[in-house]
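Need a 3D model of the following:
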Amino acid sequence: MPSTHLALHVHVIFSTKDRMPLIAPDWLDRLHSFAGGVVGNLGAVPEAVGGVSDHMHLLIGLRATHSVAEVVRSVKAVSSRWVHEEIGMPKFSWQEGYGAFSVSPSQCPVVRDYINGQAEHHRKKGFQEEYLEFLKKCGVEFDERFVW
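Model prediction:
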């Protein structure tokens, strides 16, 4: 086959350090826009970016040359620096780890709606409960002592 054809979509989730509710409503949308811009600058496609005060979700379209780990590392590092400089929170940081879950193209609209509805979703369920559900639903083995 003379060319490469891909449909690689990943749902990435990461939290603020110690899951502290540090992201204020008055700059939440700016942070999401900025993070989407970081994804785009890396040559990936920011299909959806959302979250609430203690975590972020991204639906990202990847190219064959992308590493999930490198994309997430860059988004976290650059957005953290943005919070330090633009918002004036020098102690802000993201939790070290993250979750990344593959998404089939047919499910991208569902995941996009889920990410865009984070504020409503988290009126009923906290981040920790949500994240454990993702791990279980995706069949990821984990020891809860090491998740948080």
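
from here on, contacts and neighbour counts on C-alpha atoms
Will do.

chain center to the top helix by length along the chain, what's the gap?
Longest helix of the chain, by residue count under DSSP state H: helix 25-41. Its chain's C-alpha centre and that of helix 25-41 lie 11 Å apart, by C-alpha atoms, centre = their mean, to the nearest Å.

Excluding chain neighbours, give the residue nearest to Trp148 in space.
Closest residue to Trp148 apart from its sequence neighbours, by C-alpha to C-alpha, 6 or more residues apart in numbering: Asp18 at 7.7 Å.

I'd like to know which elements the helix or strand bottoming out on mean pLDDT in the chain is packed against.
Taking mean pLDDT, DSSP states H and E as the measure, the helix or strand of the chain with the lowest value is helix 118-121, at a mean of 85. Of the remaining helices and strands, those touching helix 118-121 by 3 or more C-alpha pairs under 8 Å, 6 or more residues apart in numbering; DSSP states H and E are strand 45-52.

List the neighbouring strands of the strand it packs on plus their orientation.
strand 55-62 (antiparallel) (DSSP bridges).

so after the strand it pairs with, what's the next helix or strand?
helix 68-82 (DSSP states H and E).

Grab the most central residue of the chain for me.
His57 (3.1 Å; C-alpha atoms, centre = their mean).

okay but that one is in contact with Phe14, surely?
Yes - with contacts counted by C-alpha atoms under 8 Å, His57 reaches Phe14, the gap being 6.9 Å.

follow-up on the earlier one: for the residue nearest to the centre of the chain, give the beta-bridge partners.
With DSSP bridges as the rule, His57 is bridged to Ile13, Gly50.

before we move on, what about the one 5 residues further on?
When bridges are taken as DSSP bridges, the partners of Leu62 come out as Leu8.

Share the number of residues neighbouring it, please.
For Leu62, the neighbour count with other C-alpha atoms under 10 Å is 21.

Now do the same for it: its pLDDT.
Confidence at Leu62, expressed as pLDDT, is 97.

from now on call the first residue 776
In the new count, where the first residue is 776, that last one comes out as Leu837.

was I right about it contacting His784?
Yes - Leu837 lies in contact with His784 (C-alpha under 8 Å); the separation is 6.1 Å.
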